[in-house]
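A.B. asks: need a 3D model of the sequence below.
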Amino acid sequence: MTAGPAAGGGRWIPVAPERLAGWIARFAERHGAIEAVVLPDLVRLDAADGAVAECHVPFPPLRLSRDREGDGAFRLPPPAAALVAHVCRERTVGVLLARLGGHAAGVFTGARLVTGKVGSRQVHGRSAAGGWSQQRFARRRDKQSAEALGAAADLAVRVLLPRLADLEAVVLGGDRRSIDEIRRDRRLAPLFALETGPFLTVPDPRPAVLEGAPALFRAVRIRLIDP
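C.D. replies: As a prediction, this is how the structure comes out:
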């Protein structure tokens, strides 16, 4: 996600895991001492001057007892240090991106792409002038759409299912309608059982789009509310 206004007030700020400790330390420097309210999928930092930073936990839940309780570089309070340790932990994550214009599947360890493939199928967006009747065109487009989404499901079977035992989570993206159609493929039920957010709104998947996915799914989404 990108920075911008948040519904209900404040603004969204995406922060990379490697930058989170520094961001929290600077937040405390600007706004005063902070207290943390910890939920499984959210750490809310309340500052002395009334500023609030709602840090949404990627790959929830956050388990304080399993994370380290200190950060020597920034002297963060235990809940914030636990959040930093949680988001910086290297995970093996599957990614499935699908739109009618293309599809991609990959396995990442941390931000590194271990294996991945990209594919595409032609789906006509509109009929040409003087072409077939609208009904005939619609049937052809429906057939092309089904073939494209079937190809995306087949790609997920080839790339992700063999690594199922290694995956800690699966992140989805592209077009929600396309992904919902792919959900119907029973072969992929074990993958969808590992689904976690956020949903990645990306353009037609190409190699660069797939390789850039970790910057989106590893980022900590922070809703910052100024005093």
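
A.B. asks: give me the next element, helix or strand, following the lowest-mean-pLDDT helix or strand in the chain.
C.D. replies: In the chain, the helix or strand scored least confidently by mean pLDDT, DSSP states H and E is helix 134-159, which has a mean of 74. Using DSSP states H and E, the helix or strand that follows helix 134-159 in sequence is strand 169-174.

A.B. asks: helices and strands around that following strand, which ones?
C.D. replies: Counting by 3 or more CB pairs under 8 Å, 6 or more residues apart in numbering; DSSP states H and E, the packing neighbours recorded for strand 169-174 are strand 92-99, strand 195-200, helix 213-217. The C-beta positions use only the backbone N, C-alpha and C, and glycine is treated the same way.

A.B. asks: TSV please, covering those and showing mean pLDDT, distance to Gly10 and mean neighbour count.
C.D. replies: Below are these laid out as TSV (pLDDT from 0 to 100; distance: least, CB to CB, whole Å; neighbours: other CB atoms under 10 Å):
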stretch	mean pLDDT	distance to Gly10	mean neighbour count
strand 92-99	96	28	25
strand 195-200	92	17	16
helix 213-217	95	20	19
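
A.B. asks: quick one: which of those is nearest Leu161?
C.D. replies: strand 92-99 (9.2 Å; CB to CB).

A.B. asks: listing partners with orientation, what would you give for that closest one?
C.D. replies: Strand 92-99 sits in its sheet next to strand 102-109 (antiparallel), strand 169-174 (parallel), going by DSSP bridges.

A.B. asks: any chance of these in TSV, with mean neighbour count too?
C.D. replies: Listed next are these as TSV, based on neighbours: other CB atoms under 10 Å:
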stretch	mean neighbour count
strand 102-109	24
strand 169-174	23
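
A.B. asks: closest to Pro5 out of these?
C.D. replies: Closest of these to Pro5 is strand 169-174, at 22.2 Å (criterion: CB to CB).

A.B. asks: starting at the chain centroid, how far to stretch 177-184?
C.D. replies: Relative to the chain's own centre, stretch 177-184 is displaced by 17 Å; criterion: CA atoms, centre = their mean, to the nearest Å.

A.B. asks: buried residues in it, which are they?
C.D. replies: Going by neighbour count (16 or more other CB atoms under 10 Å), the buried part of stretch 177-184 is 178-179, 181-182.

A.B. asks: also stretch 148-161?
C.D. replies: For stretch 148-161, using 16+ other CB under 10 Å, the buried residues are 148-149, 151-153, 155-156, 159-161.

A.B. asks: and stretch 184-200, end to end?
C.D. replies: Criterion CA to CA, to the nearest Å; first-to-last residue distance in stretch 184-200 is 20 Å.

A.B. asks: right, I'll call it a day here.
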